[in-house]
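Novice: predicted structure and sequence below. I'll ask about it afterward.
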Amino acid sequence: MSIKSVEFIKSAVKPEDYPPPDKPEVAVVGRSNVGKSSLINAIFKRSVAKVSSTPGKTRLINFFTLNNDIYFVDLPGYGFASVSQKERLSWQKMIENYLLNRENLKLIIMLVDTRYPPTNLDILMKQWLDTFEKQYFVVGTKIDKLNQSEKAKAKKVIKETLDLDDNTPIFLVSAKEGTGIDNLVSEIFKAVKE
Ligand code: GDP
């Protein structure tokens, strides 16, 4: 399955502003600076998502369509060092509303940076995802930064640190070099169209 078209639909905060739930949906989440915008650009093969956007400016849920067939959703990142407790709570509320209310949501893609073991916030995010009982993939980013032996260990470190069960797929990608992107796209389409 290849991507023939990408369209930005809208940004939203509240459920009443989401587009109608008339297509299967996949959402991407990860801590800030994990490489989310770069991965989205690599998936879209065009610069729709802004890379290295200023912290605080991307606090919206952005809806796109791929091939006019599925919704692809860019969720705001977590873990900005500079945000206040109030902003953290509003992020949490926005994501919780989304995960609880989006009936057409089929798959969540959670990103982690392969250069480091998943952080405590990543562990919390994973535990939180478990409570929503939706399917998710874990995607390790920036593998071009790893040497061979680090690459060989990366999946094990991610699996153990996040305490993933054996059925949770882990993909390793490099947005910079394009590694793993086509495979990830085809697994996304498979998962949401089932
Ligand atoms: P976001 O905050 O999660 O959207 O992260 P960005 O996509 O803006 O990327 C954060 C930083 O990581 C930027 O400096 C990117 O150039 C860098 N980056 C993102 N993806 C990759 C990758 O695959 N390889 C390498 N080497 N750097 C990457």
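Specialist: Looks like it came in fine. The shown structure was predicted, so the numbers you read here are calculated from the model rather than taken from an experiment.
Novice: mean confidence score for the helix or strand encompassing residue 131?
Specialist: Element membership for residue 131, per DSSP states H and E: helix 120-132. Across helix 120-132, the average pLDDT comes to 95.
Novice: residues from this structure in reach of the ligand?
Specialist: Contact residues (C-beta under 6 Å from any ligand atom) of the chain with the ligand: 30, 32-38, 51-52, 77, 141-142, 144-145, 174-176. For the C-beta atoms, the positions are set from N, CA and C on the backbone; glycine is no exception.
Novice: just the buried positions in the helix holding residue 131, please.
Specialist: Residues of helix 120-132 classed as buried: 122, 125-126, 129 (neighbour count, 16 or more other C-beta atoms under 10 Å).
Novice: check stretch 132-144 too.
Specialist: 135-143.
Novice: now do the contacts for residue 69.
Specialist: residue 23 (C-beta atoms under 8 Å, 6 or more residues apart in numbering).
Novice: tell me where the model's unsure across the chain.
Specialist: Low-confidence segments of the chain (pLDDT under 70): 1, 46-58.
Novice: and with 50 instead?
Specialist: 53-57 (pLDDT under 50).
Novice: can you list the strands that the host helix or strand of residue 7 pairs with?
Specialist: Assigned by DSSP H and E, residue 7 belongs to strand 6-12. The strands that strand 6-12 pairs with in its sheet are strand 61-66 (antiparallel) (by DSSP bridges).
Novice: buried stuff in the strand it pairs with?
Specialist: 61-66.
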